[in-house]
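1. Model the following, please.
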Amino acid sequence: MLKPSVGIAILFTLSSAAAQTPAAAPEPQAAGQVVKITGNKTPTGESKQVFAAKRRVLKGTLAQKCALDSAYFSAQDDEDTYLEQLEQVQEPGEMSETGTPMPSPTLQKFNSKAPYGDASNVVDSSSITGAASSVAAGPCAIGDRKFASGREHIIRKDKSFANALAHLDAKEYDKAAAQLEIAYSKIGYPEAALLLGKLSLEGLGVPRSTDKALYWLDQAAGQRFDVRRDRLRFNPKEPEASNGMIDAALLLARIHLHGIGGVRKDPAAARKWYGKAADFGFVPALNALGLASQAGVGGPRDARKARDYFQQAAEEGYVPAQFNLAKLYYTGGEGLAPDHKQAGAWFAQAGKAGHARSLYAMARMYDLGEGVPVSQERAIVYYKEAALKLVPEAQSALASYFYTGEQVPKNLATARQLFNQAAMRGESEAMFNLAVMLSNGEGGDKDLGMAYVWFSLAKASGFEGAGPAIAAIAGKLSPQDRARADAILKPSR
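-> Predicted coordinates for the structure are as follows:
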């Protein structure tokens, strides 16, 4: 069983404290921050931020569809293009409805400098793949190849976005804004529109204007979007990875949620933009939508919808969503019955990733036998892991084990140290038990003055039983003890 308040039993022989409740839901975190990309190790020698921006706009053109051989594309892009091409092929050599031969299922990459084919090793120019012909060559026709090559050349040579970032680093905001406008009008970088929106919102280099900020952010987040090519691939190891479109959607969500820049607060609009970020592939936005549905922010309270959002993000490997899903299964919700077995499964999954609160939750479930067989041996393993991650409730529970000597060798000094650590982090039961050990001189020197302080703080935290403890110890204080306690509890201003 979960350890009772050892101090109450020791000092006053009163009933043990009520069992602890599951940890409260965390405050919703900001759904995402602008990704800081530094360094210059890219295939083109450009900064990672410039390289990522160029890669993003190229992926959204015929350059990827046509299998352009470019430094801006990866093996994954080639694989996606090949799979897309395979879907277009019904039978090798089959004719399309217009009489044009269907493309070959073999990916035929081409160089931007030679969209008609490579003639370097060909004697007869008539044998050049696609030469002097509008017939489809690989995934697309010659005209498409020429367009893709030309666009890749323009983007590869473009310096406007790199210049804008250099001006931003130098805090030359007016010059940065001018280059960003060129970059957006010339190439259409969503990152350029995002930065223009931020500059407008802050009044840096351009007049402060919320309307202009909203315009630029909408330009960034409202660009043409192909779910197949443009959706961000989630990586659990880099859960906050983002791009210009996502960051713009998230900033718009925060603006509407908090009323930034004089915008009227509109939680429903904020939820819409979080949804947009989720569509773009930003998995943490699904977690934000789950929290909003659970709390009824920007729409009706809906536990089932919250569960579905958490489930999507959890299955992608987003640890905070795994924890929130587990908590929802643990407590249940309107129209959603508690399911401790599912809760335990998801707490365990998040715990594998080192999520501190999930480790503590698993310890409690084994301690109480909720959804799993009772096992103090396994509980203490989880308590230890959570305590090492500074979860105060876990520190307090582990201290109780060291106090009683169950499952671990009895060690009053360690128990007192753990109670002290948990008490310093605001855990009320630990405050009470630390006070008991101080008043009895257990695990260290006797200190009635500090015992009185911790009993008082436990009472202020709402711990039942602290009031009688204060009354019992007050008469035992020396004038020095009282003066020291008052100096801590009632510091002079």
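2. Would you pull up how far whichever strand or helix holds residue 247 lies from the middle of the chain?
-> Assigning secondary structure by DSSP states H and E places residue 247 in helix 244-258. In terms of Cα atoms, centre = their mean, to the nearest Å, the centre of helix 244-258 is found 15 Å from the chain centre.
3. which of the residues in it are buried?
-> 244-257 (16 or more other Cβ atoms under 10 Å). In this view, the C-beta of every residue, glycine as well, is placed from N, C-alpha and C.
4. and if you look at stretch 409-421?
-> For stretch 409-421, using 16+ other Cβ under 10 Å, the buried residues are 411, 412, 414, 415, 416, 417, 418, 419, 420, 421.
5. tell me the mean pLDDT over it?
-> Average pLDDT, stretch 409-421: 98.
6. cool, stretch 323-334 as well?
-> 96.
7. CA atoms only for it, dumped as CSV, please.
-> Written as CSV, here are the backbone C-alpha positions of stretch 323-334 (Å, rounded to 0.1, in the frame of the first residue of the first chain):
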residue,chain,number,x,y,z
PHE,A,323,1.1,11.2,-20.4
ASN,A,324,-2.1,13.2,-21.0
LEU,A,325,-3.7,10.2,-22.6
ALA,A,326,-2.8,8.0,-19.6
LYS,A,327,-4.2,10.6,-17.2
LEU,A,328,-7.4,10.8,-19.1
TYR,A,329,-7.8,7.0,-19.1
TYR,A,330,-6.9,7.0,-15.4
THR,A,331,-9.5,9.5,-14.3
GLY,A,332,-12.0,9.1,-17.1
GLY,A,333,-14.2,12.0,-18.3
GLU,A,334,-17.7,12.9,-19.3
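8. What lies in contact with stretch 340-348?
-> Residues from elsewhere that reach stretch 340-348, judged by Cβ atoms under 8 Å, 6 or more residues apart in numbering: 314, 322-323, 325-327, 329-330, 358, 361-362, 365, 370-372.
9. Identify each buried residue in that stretch, please.
-> With burial defined by 16+ other Cβ under 10 Å, the residues of stretch 340-348 counted as buried are 340, 342, 343, 344, 345, 346, 347, 348.
10. All the helices of the stretch 101-250 of the chain, residue numbers only.
-> Per DSSP state H, counting those that start in this stretch, the stretch 101-250 of the chain carries helices over the ranges 142-157, 160-169, 173-186, 190-202, 210-221, 244-258.
11. Dump those helices to TSV, plus distance to residue 264 and mean pLDDT.
-> Shown next, in TSV, are the helices of the stretch 101-250 of the chain (distance: least, Cβ to Cβ, whole Å; pLDDT from 0 to 100):
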stretch	distance to residue 264	mean pLDDT
helix 142-157	39	89
helix 160-169	30	97
helix 173-186	27	97
helix 190-202	16	97
helix 210-221	11	97
helix 244-258	8	97
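12. would you turn those helices into TSV with distance to residue 309?
-> Output for these, formatted as TSV (distance: least, Cβ to Cβ, whole Å):
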stretch	distance to residue 309
helix 142-157	36
helix 160-169	34
helix 173-186	33
helix 190-202	25
helix 210-221	20
helix 244-258	14
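13. Pull out the buried positions in stretch 168-186.
-> For stretch 168-186, by 16+ other Cβ under 10 Å, it's 168, 173, 175, 176, 177, 178, 179, 180, 181, 182, 183, 184.
14. Surely the fourth one touches residue 206?
-> Think residue 176. No: Residue 176 lies out of contact with residue 206 (Cβ atoms under 8 Å); the separation is 9.6 Å.
15. Next, show the common contact partners of the two.
-> What both residue 176 and residue 206 touch, as defined by Cβ under 8 Å, 6+ apart, is the set residue 199.
16. where does this protein dip in pLDDT?
-> Residue ranges of the chain with pLDDT under 70: 1-40, 64, 84-107, 117-139, 493.
17. returning to what we had before: ok, residues contacting whichever helix or strand comes after the helix holding residue 247?
-> Sequence-wise, the next helix or strand downstream of helix 244-258 (DSSP H and E) is helix 267-279. With contact meaning Cβ under 8 Å, 6+ apart, helix 267-279 is reached by 31-32, 221, 225, 227, 231, 246, 249-250, 252-254, 256-257, 285-286, 288-289, 292, 297-299.
18. How about stretch 213-226?
-> Outside of stretch 213-226, the residues within contact range by Cβ under 8 Å, 6+ apart are 60, 184, 188, 190-191, 193-194, 196-198, 200-201, 231, 244-245, 247-249, 251-252, 255, 261, 263, 273, 276, 279-280.
19. do the same with stretch 407-427
-> 376-377, 380, 387, 390, 392-393, 395-396, 398-405, 430-431, 433-434, 437-438, 442-444, 454, 457, 461.
20. which ones among those residues are found in helices?
-> 376-377, 380, 387, 392-393, 395-396, 398-404, 430-431, 433-434, 437-438, 454, 457 (DSSP state H).
21. Can you point out the buried residues in stretch 262-280?
-> Neighbour counts over stretch 262-280 (16+ other Cβ under 10 Å) mark 263, 267, 269-280 as buried.
22. Ignoring the adjacent residues along the chain, who's closest to residue 195?
-> Excluding its sequence neighbours, the residue lying closest to residue 195 (Cβ to Cβ, 6 or more residues apart in numbering) is residue 180, at 5.5 Å.
23. One more: residue 478?
-> Nearest non-adjacent residue to residue 478 (Cβ to Cβ, 6+ apart): residue 448, at 7.5 Å.
24. ok, now which ones touch that neighbour?
-> Counted by Cβ under 8 Å, 6+ apart, residue 448 has contacts 438, 439, 473, 476, 477, 478, 481.
25. and stretch 454-468, how far out from the chain's middle?
-> 37 Å.
26. in it, what's buried?
-> Taking 16+ other Cβ under 10 Å as the criterion, stretch 454-468 shows 454, 455, 456, 457, 458, 459, 463, 464, 465, 466 as buried.
27. mind checking the end-to-end distance for that stretch?
-> Using Cα to Cα, to the nearest Å, one end of stretch 454-468 lies 13 Å from the other.
28. Can you tell me how far residue 169 is from residue 337?
-> From residue 169 across to residue 337, the span is 55 Å (Cβ to Cβ, to the nearest Å).
29. scratch that, residue 298 is what I was asking about
-> Distance from residue 298 to residue 337, by Cβ to Cβ: 26 Å.
30. of those two, who's got more company?
-> Using other Cβ atoms under 10 Å, the more surrounded residue of residue 298 and residue 337 is residue 298, with 20 against 7.
31. Contact partners for that one?
-> 257, 266, 267, 268, 269, 270, 271, 292.
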